[in-house]
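J.: Give me the fold of what follows.
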Amino acid sequence: MHPDLACVDLADRRRAFSRALRVSGPLDVEPVRDHLRTTMDRTAPAPPAVHSQ
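T.: Numbering: from 1, shown residues only. Next up, the predicted model:
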């Protein structure tokens, strides 16, 4: 899986986490989403500075 929220959403819809971890029933993947959001926020490039003239 890619570190991308779209991939997490797709895996969640397909119940891939439950199958991969061999658990019955749904899993809460919100902690994974939170981790990716935090990681993406830290690694996102800063917007270019705007210089007024």
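J.: Outside of stretch 15-24 itself, list whatever touches it.
T.: The contact list for stretch 15-24 (Cβ atoms under 8 Å, 6 or more residues apart in numbering) reads 1, 10-11, 25-27, 29. Where C-beta positions appear, they are placed from N, C-alpha and C, glycine not excepted.
J.: Now with 10 Å, please.
T.: 1, 7-8, 10-12, 25-29, 32 (Cβ atoms under 10 Å, 6 or more residues apart in numbering).
J.: Could you give me the PyMOL selection string for whichever of these are buried?
T.: PyMOL command restricting these to the buried ones, with burial defined by 16 or more other Cβ atoms under 10 Å:
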select buried, resi 8+11+12+32
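J.: Please list the members of the contacts of stretch 15-24 that lie in helices.
T.: Among those, the residues falling in helices (DSSP state H) are 7-8, 10-12, 32.
J.: Would you mind checking which of the residues you listed is nearest to Met40?
T.: Met40 lies nearest to Val8 out of those, by Cβ to Cβ, at 11.4 Å.
J.: Now for that closest one: which residues touch it?
T.: Taking Cβ under 10 Å, 6+ apart as the criterion, Val8 is in contact with 1-2, 16-17, 29-30, 32-33, 35-36.
J.: That one and Met1: what is the separation?
T.: Relative to Met1, Val8 is positioned 7 Å away (Cβ to Cβ, to the nearest Å).
J.: Many thanks, we can stop here.
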